[in-house]
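*Asks:* Sequence and predicted structure below; questions after.
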Amino acid sequence: MKTAFYQYIQDLQDTITSKLEAIDGKSSFQEDIWKRPEGGGGRTRVIENGAVFEKGGVNISGVHGKLPESMQAYFNVKDADFFACGLSLVLHPKNPMVPTVHANWRYFEMYNANGDIVDQWFGGGQDLTPYYLFEEDAKHFHQVCKTACDNHNPEFYPKYKARCDEYFFNTHRNEARGIGGLFFDYCKATEEMSMENWYNFVTEVGNSFLEAYVPIVEKRKDLPYTKQQRDWQEIRRGRYVEFNLVHDKGTLFGLKTNGRIESILMSLPPHVQWAYNHHPEPDSEEEKLIKILKNPVNWVSK
């Protein structure tokens, strides 16, 4: 399973970066291949200062070794080894009318002292963080997510959409990071879903990413914007940073397993503001977004 999924994310990285380079038309992804001393490594690809993408990363990794004591306590195991691989991406567009997007698809195995697999699961998802809300974009993104889910189980979309709304939530701000999408984790074999079934589901979601995001980028990337709108984008980016550094479990896992710090923190945008006690003007487009972030919306029918 791990061999098949690692090959899949390598191919998906190629597909996604090629398409994004074509859309940007100015900058290309710079590749950085790295090794982890304890075992494994990865292939980081970063785009910066593009015509469309101010900063973005599409990274893959496959790491293995002894599970750190801090993580053994988290998983309630002792003397365990692990293997983890995944593709993680974040794109921060230049134009505030184009939303930031995040996606991640991953696979994990844990082994006992004899090298036997004692646990394995898939996880992942994709979510959208707009700065200005275009409802048709939100509906499109969620409809693509729903279609991918419905091909495997009609209960998946409402279940994983709700988990996404719950997970990507800045509790200290009492607002969502964005308008959600899908979030699933610890997807293990059951009578209804084998690991092969989960593989097919996760790869279908991964394959849907470009369909979900690219039409939105192409529709919004050339819209005009003001300095005030750019300032708002940078203030909202600050909220994105807050979530990743305060709440995100993936960031925590990477740091506790001696992950590559440049790859872990590539999700942070290049230009950010933390304006003191900032509130949008009443009845503005900015306030419209905040109201949505306070109360998650069902963007597509069940």
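*Replies:* On my side now, so go ahead. Everything quoted here is computed from the prediction, not taken from an experiment.
*Asks:* Which residue, other than its chain neighbours, is closest to G41?
*Replies:* Residue nearest to G41 in three dimensions, not counting chain neighbours: K35, with 4.1 Å by Cβ to Cβ, 6 or more residues apart in numbering. Placement of C-beta: from N, CA and C, glycine included.
*Asks:* give me phi/psi at that neighbour?
*Replies:* Backbone torsions for K35, taken as degrees, to the nearest 10, come to phi -120, psi 140.
*Asks:* what about it, neighbour count?
*Replies:* The tally of other residues near K35 (other Cβ atoms under 10 Å) stands at 11.
*Asks:* I'd guessed it sits against S61; true?
*Replies:* No. Contact criterion Cβ atoms under 8 Å: K35 and S61 do not qualify, at 10.7 Å.
*Asks:* Between those two, which contacts overlap?
*Replies:* Shared contacts of K35 and S61 (Cβ atoms under 8 Å, 6 or more residues apart in numbering): G41.
*Asks:* can you tell me which helix or strand the closest residue to S28 other than its chain neighbours belongs to?
*Replies:* Nearest residue to S28 in three dimensions, chain neighbours excluded: E21, at 5.1 Å (Cβ to Cβ, 6+ apart). Using DSSP states H and E, E21 sits within helix 2-24.
*Asks:* any idea of the mean pLDDT in that helix?
*Replies:* Regarding helix 2-24, the rounded mean pLDDT is 98.
*Asks:* go on, stretch 221-233?
*Replies:* Mean pLDDT, stretch 221-233: 98.
*Asks:* Next, the buried residues of it.
*Replies:* Of all the residues in stretch 221-233, those buried under the rule 16 or more other Cβ atoms under 10 Å are 221, 225, 229-230, 232-233.
*Asks:* Stretch 207-219 too?
*Replies:* Here stretch 207-219 shows 208-210, 212-214, 216-217 as buried, counting by 16+ other Cβ under 10 Å.
*Asks:* now swap in stretch 257-274 and tell me
*Replies:* 257, 259-260, 263-269, 272.
*Asks:* Of these, which is the nearest to A51?
*Replies:* Set against A51, the nearest of those by Cβ to Cβ is P269 (16.8 Å).
*Asks:* My reading is that that closest one lies in a helix. Confirm?
*Replies:* No. Counting by DSSP: H, G, I helix; E, B strand; the rest coil, P269 is not part of a helix but coil.
*Asks:* need the contact list for it.
*Replies:* P269 neighbours (Cβ under 8 Å, 6+ apart): 54-55, 92, 100, 234, 237, 240-241.
*Asks:* Columns distance to L289, secondary structure and neighbour count on top of those residues, output as CSV?
*Replies:* What follows is those, written out as CSV (distance: Cβ to Cβ, whole Å; DSSP: H, G, I helix; E, B strand; the rest coil; neighbours: other Cβ atoms under 10 Å):
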residue, distance to L289, secondary structure, neighbour count
E54, 20, strand, 22
K55, 21, strand, 22
H92, 17, strand, 26
T100, 13, strand, 25
E234, 14, helix, 17
R237, 13, helix, 23
Y240, 13, helix, 22
V241, 17, helix, 15
